[in-house]
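Enquirer: Give me coordinates for this.
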Amino acid sequence: MAQYLLRRVIQAIPILIGVSMIVFLIVYASPGDPTDRFRTPRVPPEQIEALIRQYGLDRPLPEQYLSWVSTFFRIIDFNSSFDPREWAMNWDAWGYSFTDGREVMEKVFLRLPPTVLLMGTALIVTIIFAIPIGILAAVRQYSWTDKIITTAATFGYAIPSFLLGTYILYLGGVLLKQWSDGAVGFPTFGMESLGSRGDPVDIALHMVLPVTSLAILSIAAWSRYTRSSMLDVLHQDYVRTAKAKGLPRRTVIFKHALRNALIPIVTLLGLSIPSLIAGAAITETIFSWPGIGSLFIDAIGAKDYPVIMAVAMLSGTAVIVGNLLADVLYGLVDPRIKY
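Expert: Sure, this is the predicted structure:
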């Protein structure tokens with residue numbers, strides 16, 4: 001296992017370099033530049049040229065890329081020591097934001113906890129509901145229960161996230177208050193109310209609507225995968241043998257069938273890891289959640305190249321880590337898989 005993990009880490013290095021090059025070219029090939037918002041009749045061309053030189057946009061693209069990538073991965077300053085106690089974070093490794101001049105790493109890491117909280121809660125809710133729903137649909141194949149679950153899952157999977165988020169915001173934040181004369185309703189924007197000072201109850205209330213929006217989409221997909229995987233397993237010979245031995249129905253389903261049906265679910269779990277880091281840009285924007293996703297959308301609008309590159313690289317790293325985690329979990333779920 002250790003050799004396999006080392007090999008995968010080594011393989012990830014050229015992948016990250018390739019991702020950095022692609023993202024860099026896409027960002028710099030987009031129309032306009034970060035100085036567009038300053039190009040007004042009141043701003044003389046000399047100041048625009050000074051900003052371009054300050055941002056380093058006047059240099060050739062290969063030089064800009066090498067300058068950026070040479071510092072991006074130097075996150076930790078080892079201070080020429082092997083003692084971890086003397087190491088320190090290199091906060092300016094990712095450069096400075098074009099919009100406010102703050103360190104990009106600081107901006108990203110400040111947005112990371114809200115995103116992990118939101119996406120992690122949505123993932124837990126998804127696992128709690130999606131897997132039992134998928135199992136129920138599989139064991140009652142072609143029944144009315146299965147048809148209702150399949151129809152609802154198809155509808156939930158097909159609806160766009162921006163449309164679902166808007167509906168939930170309106171229903172839970174506006175109509176619910178109107179119907180109850182203001183007695184019941186959920187906050188519609190932000191992570192906490194003014195003056196709450198990190199009150200857990202207040203934060204939980206702010207999470208209800210965005211978590212519901214994210215969970216509905218995920219439950220629809222996960223339940224369909226669980227149903228399909230369980231149906232494949234339930235028709236295997238070893239499951240029929242377990243039934244013929246007279247084992248309880250619950251034992252057959254959860255001990256023999258479910259464990260062997262978990263591999264596709266583990267794949268989904270691994271693919272969900274990047275969302276814990278990158279967030280859901282559309283949902284965070286709709287509900288004004290101060291996470292990585294909304295930061296990424298704002299950076300794209302402002303053409304804040306350092307922030308865009310940092311979030312994209314962080315997302316790419318999360319994808320690699322998620323795939324690696326899924327491979328490790330394969331071996332735990334299915335002993336037949338060896339590395």
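Enquirer: confidence score at Ala29?
Expert: pLDDT, Ala29: 82.
Enquirer: Skipping adjacent residues, who's closest to the spatially most central residue of the chain in space?
Expert: Centroid check for the chain by C-alpha atoms, centre = their mean gives Ser275 as the closest residue, at 0.9 Å. Of all residues not flanking Ser275 in the chain, Met119 sits nearest, at 5.2 Å (C-beta to C-beta, 6 or more residues apart in numbering). In this view, the C-beta of every residue, glycine as well, is placed from N, C-alpha and C.
Enquirer: what residues go with each domain of this structure?
Expert: Partitioning the chain according to automatic domain parsing yields domains covering residues 2-89, 106-333.
Enquirer: can you give me the end-to-end distance of the longest one?
Expert: Using C-alpha to C-alpha, to the nearest Å, the end-to-end distance of domain 106-333 comes out at 38 Å.
Enquirer: Give me the distance between it and the centre of its chain.
Expert: For domain 106-333, the gap between its own C-alpha mean and the chain's C-alpha mean amounts to 10 Å (C-alpha atoms, centre = their mean, to the nearest Å).
Enquirer: try stretch 24-37
Expert: Offset of stretch 24-37 from its chain centre (C-alpha atoms, centre = their mean): 25 Å.
Enquirer: Pull out the buried positions in the host helix or strand of Phe162.
Expert: Phe162 is part of helix 161-170, with elements assigned from DSSP states H and E. For helix 161-170, burial by neighbour count (16 or more other C-beta atoms under 10 Å) applies to 161, 164-165, 168-169.
Enquirer: Minimum pLDDT in these, which residue is that?
Expert: pLDDT across these is lowest for Ser161, at 87.
Enquirer: My read is that that one contacts Ala280, right?
Expert: Yes: using C-beta atoms under 8 Å, Ser161 is in contact with Ala280, at 7.1 Å.
Enquirer: Helix, strand, or coil at Gly198?
Expert: Here Gly198 is coil, with the state taken from DSSP: H, G, I helix; E, B strand; the rest coil.
Enquirer: Not counting sequence-adjacent ones, nearest residue to it?
Expert: Glu192 (6.7 Å).
Enquirer: the strands in the stretch 1-150 of the chain, which residues?
Expert: For the stretch 1-150 of the chain, the strands defined by DSSP state E, counting those that start in this stretch occupy 76-77, 88-89.
Enquirer: helix or strand for Thr285, which one?
Expert: Assigning secondary structure by DSSP H and E places Thr285 in helix 281-286.
Enquirer: what's next to that helix, contact-wise?
Expert: 115, 118, 161-162, 165-166, 169, 210, 213-214, 289-294, 296-297 (C-beta atoms under 8 Å, 6 or more residues apart in numbering).
Enquirer: Buried members of those residues into PyMOL, please.
Expert: Selecting only the buried entries of the contacts of helix 281-286 in PyMOL, with 16+ other C-beta under 10 Å as the criterion:
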select buried, resi 115+118+161+165+169+210+213+214+289+290+291+292+293+294+296+297
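Enquirer: Around Arg249, count how many other residues there are.
Expert: Under the neighbour criterion other C-beta atoms under 10 Å, Arg249 is assigned a count of 10.
Enquirer: Then Leu175?
Expert: Neighbour count for Leu175, taken as other C-beta under 10 Å: 11.
Enquirer: Doesn't it belong to a helix?
Expert: Yes: counting by three-state DSSP, Leu175 is located in a helix.
Enquirer: hey, where'd the helices end up in the stretch 1-150 of the chain?
Expert: Using DSSP state H, counting those that start in this stretch, the helices found in the stretch 1-150 of the chain span residues 2-29, 45-55, 61-72, 104-139, 144-158.
Enquirer: could you check the angle helix 61-72 makes with the first one?
Expert: What it means is helix 2-29. With axes from the mean of the first three to the mean of the last three C-alpha atoms, to 10 degrees defining the directions, helix 2-29 sits at 140 degrees from helix 61-72.
Enquirer: in helix 2-29, what counts as buried?
Expert: 8, 12, 16, 19-20, 23-24, 27.
Enquirer: Ok, the fourth one next?
Expert: Across helix 104-139, burial judged by 16+ other C-beta under 10 Å covers 104-105, 107-108, 111-112, 114-115, 117-119, 121-123, 125-127, 129-131, 133-139.
Enquirer: I'd like the distance from it to the chain centre, please.
Expert: In terms of C-alpha atoms, centre = their mean, the centre of helix 104-139 is found 8 Å from the chain centre.
Enquirer: ok, and what's touching stretch 220-235?
Expert: For stretch 220-235, the external contacting residues (C-beta under 8 Å, 6+ apart) are 126-127, 129-131, 133-135, 137-139, 141, 146, 149-150, 152-157, 239, 257-258, 260-265, 268.
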